[in-house]
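**Student:** Kindly generate the corresponding structure for this input.
(2 chains)
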Amino acid sequence: MWALVKEYYHKFGSPKHFYELTGKLLPWFAIPAVLCLVVGSVWGLAFAPADYQQGNSFRIMYIHVPAASLAMSVYVMMAVAGAIGLIWKIKMADMVAKSAAPIGAAFTLLALVTGAIWGKPTWGTWWVWDARLTSMLVMLFLYVGIISLQASFDSAKSAAKSSAVLAIVGLVNLPIIKYSVDWWNTLHQSASFTVSDKPAMPPEMYLPLIVMVFGYYFLFATLLMMITRCEILEREVRSRWVARVLLNRPLKKN
Amino acid sequence: MGEDNQPLSLSRAFFSTLKRELKIANRQRSQLVNPLFFFIMVVSLFPLAVSPEPSILRTIAPGVIWIAALLSTMMAADALFKHDFEDGTLEQLLLSPQPLFLLVIAKVVSHWLTTGLLLTLLSPLLAAMLFMDTNHLSALVLSLLLGTPVLCFVNAIGAALTVGLRKGGILITLITLPLHIPVLIFGTGCVQASVYSQPYQGQLAILGALLVLAIVLAPFAIGASLRISVSG
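**Tutor:** Numbering: from 1, shown residues only, chains lettered A, B, ... in the order given. Just a heads-up that it's a prediction; the model follows:
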């Protein structure tokens, strides 16, 4: 058991093995992602019953909620990967952390945009300074900071290390930001809507949501692997196996 | 360094670093004054841009003063490690036998003494210009006194991360601004509470807690970032 763990640890640590392994794993994530997303969105958008208060407009929830939940977990994942890269000096962890940042930012932006579109029919405005929206916005700022720091270094190594430090600092700050924004919101509560105390959803409504959440997570894993594989090829372009991969592609069908 | 080749004691290392920083700050008086004028100028833009009406200015005063203080400490942070990085002093700091943790705290403390503290002392003047009631001055000054050091510590992380880059300036703001949000919320919350004649000790306590957290954790991040910047 322990030997197996160690073997996989070393395999994941080496770009070449990571590339090969993810090449095999990729369909196992891509196909469930497509299946879950298609089933979940058709089920949620067409067959789930309409909400008794919000009518059909609530259906954007099936796009919005999984994106919002991913936004947070991708950040945590990125910070953990960055910390692993920083502590054990594993190149692969750096690359994974770097690849995760734009995906996380994209999901955060998706959550914000769908939230705004949802807000228009529900609250009557595109934007309210609600605690959740505000912390999502701050989340986007954190991602933007990390991506721009990442982009401003010439050496990939110091870019990875610096953004890892920033991601960890952000992770420590995240609960404080969340708490302070919640506190600020209760202080300035002026609008009369409540998002938090929704009535419990019936299974016909939340089952498609669960399918969508799984679909989003599979999608994230697929995207992360694809971007990381590109990153590997770019960074390891001088090594012989990359040349072989790039040359063999059109010849060998795999 | 002592003559008997013994490493300096921790407190002597701390105070000699602090003394050096303050001496340098004192010799570059214009650098010392710049953030203060920036602070005053940003605040005086608000009556011009929003309205000179006392009732409006009174309501926005806490937020305006806090944001201006935040921006001016941030502007000053760019130079925090720059000169030391360029002339090699930073490498000596990293190589010194004393823990980096302590030396970093000394640098941030001197940074705070030359920016945050002065801004805090200047804030009653700006509060008067924005027609804030004198009863709320204590809340404003106390919140700035506890909050600006936190800002300085977080700015130092941003400065340390970007010190090796040619284009540091706006990047520091971009990476540290989101991290400043809690301090801003509780700092302005403290003054607002005083304005609504509610107790504001709670907010001060949280600002104090944030300060303790920053003193304990931020130097690690600053030290690690400095090592990355110097070696990379």
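**Student:** Look up the closest residue to the residue of chain A found nearest chain B, ignoring the ones flanking it.
**Tutor:** In chain A, the residue that lies nearest chain B is A:S158 (2.8 Å; CB to the nearest CB). Bear in mind the C-beta positions are built from the backbone N, C-alpha and C, glycine included. Distance criterion CB to CB, 6 or more residues apart in numbering or on different chains; nearest residue to A:S158, sequence neighbours excluded, is B:G232 at 2.8 Å.
**Student:** separation between the one you found and A:N173?
**Tutor:** According to CB to CB, to the nearest Å, B:G232 and A:N173 sit 24 Å apart.
**Student:** can you check B:L70 too?
**Tutor:** As judged by CB to CB, B:L70 and A:N173 stand 15 Å apart.
**Student:** who has more neighbours, those two?
**Tutor:** Counting neighbours by other CB atoms under 10 Å in any protein chain shown for B:L70 and for A:N173 shows that B:L70 has the greater number, 25 against 21.
**Student:** Contact partners for the more buried one?
**Tutor:** With contacts taken as CB atoms under 8 Å, 6 or more residues apart in numbering or on different chains, B:L70 has the following neighbours: B:151, B:180, B:183-184.
**Student:** near chain A, which residues of chain B show up?
**Tutor:** Applying CB under 8 Å from any CB of the partner chain, we find that chain B lies next to chain A at B:157, B:161-162, B:164-165, B:167, B:171, B:174-179, B:181-182, B:185-186, B:189, B:192, B:210, B:213, B:217, B:221, B:224-225, B:228-229, B:231-232.
**Student:** Pull out the buried members of these.
**Tutor:** Burial by neighbour count, judged by 16 or more other CB atoms under 10 Å in any protein chain shown, picks out B:157, B:161-162, B:164-165, B:171, B:174-179, B:181-182, B:185-186, B:189, B:192, B:210, B:217, B:221, B:224-225, B:228-229, B:232 from those.
**Student:** Going along the chain, name the helices of chain B.
**Tutor:** Using DSSP state H, the helices of chain B run over B:10-27, B:29-49, B:54-77, B:82-87, B:89-95, B:100-114, B:116-129, B:137-162, B:169-195, B:201-231.
**Student:** can I get these in a markdown table with mean pLDDT and distance to A:M212?
**Tutor:** Shown next, in a markdown table, are those (pLDDT from 0 to 100; distance: least, CB to CB, whole Å):
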| stretch | mean pLDDT | distance to A:M212 |
| --- | --- | --- |
| helix B:10-27 | 91 | 55 |
| helix B:29-49 | 92 | 45 |
| helix B:54-77 | 93 | 39 |
| helix B:82-87 | 90 | 49 |
| helix B:89-95 | 91 | 50 |
| helix B:100-114 | 94 | 46 |
| helix B:116-129 | 94 | 47 |
| helix B:137-162 | 95 | 37 |
| helix B:169-195 | 92 | 28 |
| helix B:201-231 | 94 | 37 |
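**Student:** Which stretch among those is buried most, on average?
**Tutor:** Compared across the helices of chain B, helix B:137-162 shows the largest average neighbour count, a mean of 26 (mean count of other CB atoms under 10 Å in any protein chain shown).
**Student:** wait, what's in contact with the closest residue to A:M139 other than its chain neighbours?
**Tutor:** Leaving aside its sequence neighbours, A:M139 sits nearest to A:T108 (CB to CB, 6+ apart; 5.2 Å). Residues near A:T108 by CB under 8 Å, 6+ apart: A:67, A:71, A:136, A:139-140, A:143.
**Student:** pLDDT value on A:L21, please?
**Tutor:** On pLDDT, A:L21 comes in at 87.
**Student:** Give me the distance between the residue nearest to it when sequence neighbours are not counted and B:F38.
**Tutor:** Spatial nearest neighbour of A:L21, excluding adjacent residues (CB to CB, 6+ apart): A:K11 at 6.1 Å. According to CB to CB, A:K11 and B:F38 sit 54 Å apart.
**Student:** what does B:R58 give?
**Tutor:** Noted for B:R58: a distance of 23 Å to B:F38, by CB to CB.
**Student:** Next: B:R227.
**Tutor:** Distance of B:R227 to B:F38, given as CB to CB: 31 Å.
**Student:** Next up, phi/psi of A:D51, please.
**Tutor:** Main-chain torsions, A:D51, degrees, to the nearest 10: phi -70, psi 140.
**Student:** same question but for B:F81, I mixed them up
**Tutor:** Main-chain dihedrals, B:F81, degrees, to the nearest 10: phi -110, psi 0.
**Student:** Check A:W126 too.
**Tutor:** Backbone geometry at A:W126, expressed as degrees, to the nearest 10, gives phi -70, psi -30.
**Student:** Just list the residues touching it, thanks.
**Tutor:** Here A:W126 is in contact with A:116-117, A:119-120 (CB under 8 Å, 6+ apart).
**Student:** What of A:M136?
**Tutor:** With CB under 8 Å, 6+ apart, A:M136 has these contacts: A:68, A:71, A:108, A:111-112, A:115.
**Student:** Filter those residues down to just the ones in helices.
**Tutor:** Cross-referencing the contacts of A:M136 against helices under DSSP H gives A:68, A:71, A:108, A:111-112, A:115.
**Student:** Can you convert these into TSV and add a column each for pLDDT?
**Tutor:** Formatted as TSV, these follow (pLDDT from 0 to 100):
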residue	pLDDT
A:A68	91
A:A71	92
A:T108	96
A:A111	93
A:L112	93
A:G115	88
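**Student:** tell me the pLDDT at A:F58?
**Tutor:** Residue-level pLDDT assigned to A:F58 equals 83.
**Student:** Tell me how many other residues surround B:S197.
**Tutor:** Residues contacting B:S197 under the criterion other CB under 10 Å number 9.
**Student:** roughly how far apart are it and B:M132?
**Tutor:** In terms of CB to CB, B:S197 sits 14 Å off from B:M132.
**Student:** most centrally placed residue in chain B?
**Tutor:** In chain B, the residue lying closest to the centroid (CA atoms, centre = their mean) is B:C152, at 2.8 Å.
**Student:** doesn't B:T115 make contact with it?
**Tutor:** Yes - using CB atoms under 8 Å, B:C152 is in contact with B:T115, at 7.0 Å.
**Student:** helices and strands of chain A: which one bottoms out on pLDDT?
**Tutor:** None of the helices or strands of chain A scores lower by mean pLDDT, DSSP states H and E than helix A:240-251, at a mean of 73.
**Student:** What residues does chain A have near chain B?
**Tutor:** Contacts of chain A with chain B, taken as CB under 8 Å from any CB, map to A:86, A:138, A:141-142, A:144-146, A:148-149, A:152-153, A:155, A:157-158, A:161-162, A:165-166, A:168-170, A:172-173, A:176-177, A:179-181, A:183-184, A:187.
**Student:** at 6 Å what do you get?
**Tutor:** Neighbours of chain B within chain A, by CB under 6 Å from any CB of the partner chain: A:138, A:141-142, A:145, A:148-149, A:152, A:155, A:158, A:161-162, A:165-166, A:169, A:173, A:176-177, A:180, A:184.
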